[in-house]
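>>> Predicted model follows, preceded by the sequence.
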Amino acid sequence: MPDLLWDDVQDLFDPDLTVALPDVHVPGTTAEDWQAAFDLVRSHGWTWTYLKGGVAGRLPRAAEVLARQEGAETAMLPVSPVSGVLAVFQLLSAGEVGFDVDLRELRGRRGMDVLCAFLRAIGRRPRAAPGGPPIPGR
């Protein structure tokens, strides 16, 4: 990102000052947007694990995951776009795509570049063809 200067944001990436980045939330989404995110994860070849109630399994269609009964165990999708960086998608509702990233996994300028590329890929996916910008470090 040419407009984002490391000197302006490096304190946000200091694990001694901030333990975790704020959760990322994209409101106003649908099951189709979630499916686009699932498809993005698969098309990029990122490492992922679908967990429901802490048990790993196959990644179903988004509509199936999001149609869970009230009180049913929640599902999550930990995704690693590059080794050492993990984004954990919380599959709670169709109306909001959300995930978090542990700041301790983002080291220095490279970590910021990986996070920005990941956010760009996620943000562009519902409107773009498979692929998207490369994630630094891959």
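Structure received. Numbers count the residues shown, from 1 in each chain.
>>> List phi and psi for Val79.
According to degrees, to the nearest 10, the main-chain angles of Val79 amount to phi -130, psi 130.
>>> Quickly note the distance from the residue nearest to it when sequence neighbours are not counted to Ala62.
In this structure, Val79 finds its nearest non-sequential neighbour in Trp48, 4.6 Å apart by C-beta to C-beta, 6 or more residues apart in numbering. From N, CA and C alone the C-beta is placed, and that goes for glycine too. As defined by C-beta to C-beta, to the nearest Å, Trp48 lies at a distance of 14 Å from Ala62.
>>> Same check on Thr29?
Using C-beta to C-beta, one obtains 10 Å as the distance from Thr29 to Ala62.
>>> These two: which has the busier surroundings?
The residue with more neighbours, out of Thr29 and Ala62, is Ala62; 21 against 18, by other C-beta atoms under 10 Å.
>>> Verify the contact between the more buried one and Asp39 for me.
No - judged on C-beta atoms under 8 Å, Ala62 makes no contact with Asp39 at a distance of 9.1 Å.
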